[in-house]
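[1] curious how this folds, go ahead:
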Amino acid sequence: YAQGDKWHQTNREQTTATTLTLSLLDQSSTSYALFALANVHPSEQFTLSLGGRYSWDKKDYSIDTKVFAGGGLNAGSSFAGKLKGEWNRVTPRVTLQYKPSDNAMLFANWSKGYKGGGFNSRGTRPENVGPYNPENVTSYEAGIKTDLAGRTIRFNLTGFLNKFKDLQGGVTRPGAVRAESVTVNVAAAETWGIEAEALFRLSQQFTLSANVGYLKAKFTKFCDD
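    Just a heads-up that it's a prediction; the model follows:
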């Protein structure tokens, strides 16, 4: 997998009759990823899946911000610069499946996820531009899937837990002329929940289904100025 893109952005903010911010922004991004998956069958009932992804991201970012106040250039608030960000991660995945019969399957899964870092295109101060770091998650999942009574009844139950580190979130920071919303690595968090699905095939024409889920989320760490 490979992807590249470029973009240009012009921001013009007239905050008052005599205050103007003009920003010229350019960014080029390059991303590469490699995937691999192998299935191992220790027995007829067990399947072990081992997989992984290697991700590499690079961003070249340039910004030229000029603040005009009172009819002239405010050199103290204006700035220009070129920034680079490069990130890479290996995110593995391990899944174990067990089929005690043709009508039931139990599974457990462990995996890691990754979201690349980046820059804030609307930042009007150097400290607001970034970069911010990647977001990472470790995920656990286990459950059971069944088809019963000649496949006229289906019941699935899944439980999961996600642990986030360096969670990316929007915060408000002082800008060159006003407050602005920017993305930072603001927190660590956990989410866990249970999902249940039931299906009853009453006849060839009628099917009754029901789904229910419970989700609980909390910040385990939160820090922002």
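
[2] so Lys99 versus Ala198, what's the distance?
    In this view, Lys99 and Ala198 are 20 Å apart by C-beta to C-beta, to the nearest Å. (Each C-beta comes from the backbone N, C-alpha and C, glycine too.)

[3] where does this structure dip in pLDDT?
    Applying pLDDT under 70 to the chain flags residues 176-177, 224-225.

[4] can you pull up the bridge partners for the residue nearest to the spatial centre of it?
    Central residue of the chain (C-alpha atoms, centre = their mean): Lys115, 4.8 Å from the mean position. For Lys115, the beta-bridge partners under DSSP bridges are Glu135.

[5] contacting residues for it?
    By C-beta atoms under 8 Å, 6 or more residues apart in numbering, the contact list for Lys115 reads 134-136, 168.

[6] Glu127 in helix, strand or coil?
    helix (DSSP: H, G, I helix; E, B strand; the rest coil).

[7] for burial, what's the neighbour tally of it?
    10 (other C-beta atoms under 10 Å).

[8] ok, now Ala210?
    9.

[9] report the buried residues of the helix or strand where it lies.
    Element membership of Ala210 [criterion: DSSP states H and E] is strand 207-222. For strand 207-222, the neighbour count (16 or more other C-beta atoms under 10 Å) marks no residue as buried.

[10] how near is the residue nearest to the centre of the chain to Val137?
    8 Å.

[11] nearest residue to Gln170 other than its sequence neighbours?
    In this structure residue 170 is Gly, not Gln. Ser181 (5.2 Å; C-beta to C-beta, 6 or more residues apart in numbering).

[12] quick check, that neighbour in contact with Gly175.
    No - look at Ser181 against Gly175 with C-beta atoms under 8 Å: they stay out of range, at 9.5 Å.

[13] more neighbours: these two, which one.
    Per other C-beta under 10 Å, whichever of Ser181 and Gly175 has more neighbours is Gly175, with 21 against 13.

[14] quick one: the more buried one and Gly123, what's the gap?
    8 Å.

[15] shared neighbours, those two?
    With C-beta under 8 Å, 6+ apart, Gly175 and Gly123 have no common neighbours.

[16] find the nearest non-adjacent residue to Asn88, please.
    Closest to Asn88 by C-beta to C-beta, 6+ apart is Trp56, at 4.3 Å.

[17] surely the one you found forms part of a strand?
    Yes - counting by three-state DSSP, one finds Trp56 located in a strand.

[18] hmm, back to that, element containing the residue nearest to Gly170?
    When elements are assigned from DSSP H and E, Ser181 belongs to strand 179-201.

[19] same check, this time on Gln3
    Counting by DSSP H and E, Gln3 is part of strand 2-16.

[20] what of Gly143?
    Taking DSSP H and E as the definition, one finds Gly143 inside strand 135-148.

[21] ok, the strand holding Ala210: who's next to it in the sheet?
    Partners of strand 207-222 in its sheet, by DSSP bridges: strand 179-201 (antiparallel).

[22] between the partner strand and strand 135-148, how many degrees?
    Interaxial angle, strand 179-201 versus strand 135-148 (axes from the mean of the first three to the mean of the last three C-alpha atoms, to 10 degrees): 10 degrees.

[23] and the angle for strand 179-201 with strand 2-16?
    Using the same axes, to 10 degrees: strand 179-201 against strand 2-16 is 130 degrees.
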